[in-house]
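S.K.: Give me a 3D structure for the following:
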Amino acid sequence: MPRLILMRHAKSDRANHRGADRARPLNPRGTAAATTMGRLLSAIGETPDVVVSSPAVRAESTAELARIAGGWHAPLVLDDRLYDAGPAGALSAAHTHGAQAARILVVGHEPTWSLLTRHLTGAAVAMRTATVVGIDLPDGWEPEPMPRGSISYVLQPRLFEGFGS
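M.R.: Residues are numbered from 1 along each chain as shown. Model (predicted):
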């Protein structure tokens, strides 16, 4: 059964960044959280086959840090739809790049991740920065009609600070 793993980008440096929103970098806490979550996903056997990220610097950095820390060989693909897409657009991007994958990690933004989780599972999940939610899709990846799934896990980085360091 395919598993969609949604990850919100880690904490960004909003206070010190004066440029475009897409260029906002991670702050040190965000860098640590992205690294922790990559290690954690590997430790629990949730290594993705492919990683798809929004092209926003904070999302791409989160994806790459998690990928490196987790030791994943999964390719990293950037998809512009994940920057400002709603749930249907985000699911379409995941399907485009991961239709053949058993596990796909998609890194993006709020409020899309909360909305997509609710659409797929009916559950409300607090998608704080660097939170990861694993959603099983028993009927597969087809984005139309929107599939139904169930939450396998919710991982919030504050619960794992210092994990694997």
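
S.K.: for this protein, longest helix please?
M.R.: The residue-count maximum for a helix in the chain (DSSP state H) belongs to helix 28-43.

S.K.: Restricting the selection to alpha carbons, write the helix or strand that it is followed by to PDB.
M.R.: Next in sequence after helix 28-43, counting helices and strands by DSSP states H and E, comes strand 50-53. Only the C-alpha atoms of strand 50-53 are listed here, as PDB (Å, rounded to 0.1, in the frame of the first residue of the first chain):
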ATOM      1  CA  VAL A  50      11.400   9.900  -3.800                       C
ATOM      2  CA  VAL A  51      11.400  13.300  -2.200                       C
ATOM      3  CA  VAL A  52       9.400  16.100  -3.700                       C
ATOM      4  CA  SER A  53       9.700  19.700  -2.400                       C
END
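
S.K.: From residue 28, how far off is residue 118?
M.R.: Residue 118 sits 31 Å away from residue 28, going by C-beta to C-beta, to the nearest Å. Placement of C-beta: from N, CA and C, glycine included.

S.K.: Likewise for residue 57?
M.R.: Distance, residue 57 to residue 28, by C-beta to C-beta: 15 Å.

S.K.: These two: which has the busier surroundings?
M.R.: residue 57 (20 against 9; other C-beta atoms under 10 Å).

S.K.: What values do phi and psi take at that one?
M.R.: Recorded main-chain torsions at residue 57 are phi -50, psi -40, according to degrees, to the nearest 10.

S.K.: How about the contacts made by it?
M.R.: If a contact means C-beta atoms under 8 Å, 6 or more residues apart in numbering, then residue 57 has 22, 23, 24, 25, 26 as its contacts.

S.K.: would you list every one of the helices in the chain?
M.R.: Here the chain has its helices, by DSSP H, at 28-43, 57-70, 81-84, 87-98, 112-121.

S.K.: Give me whichever of these is most buried.
M.R.: Mean neighbour counts were taken over the helices of the chain using mean count of other C-beta atoms under 10 Å, and the top value, a mean of 23, falls to helix 57-70.

S.K.: circling back: reformat the contacts of residue 57 into TSV and put pLDDT and neighbour count next to each item.
M.R.: Listed next are those as TSV, based on pLDDT from 0 to 100; neighbours: other C-beta atoms under 10 Å:
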residue	pLDDT	neighbour count
22	88	15
23	85	11
24	91	20
25	94	16
26	96	24
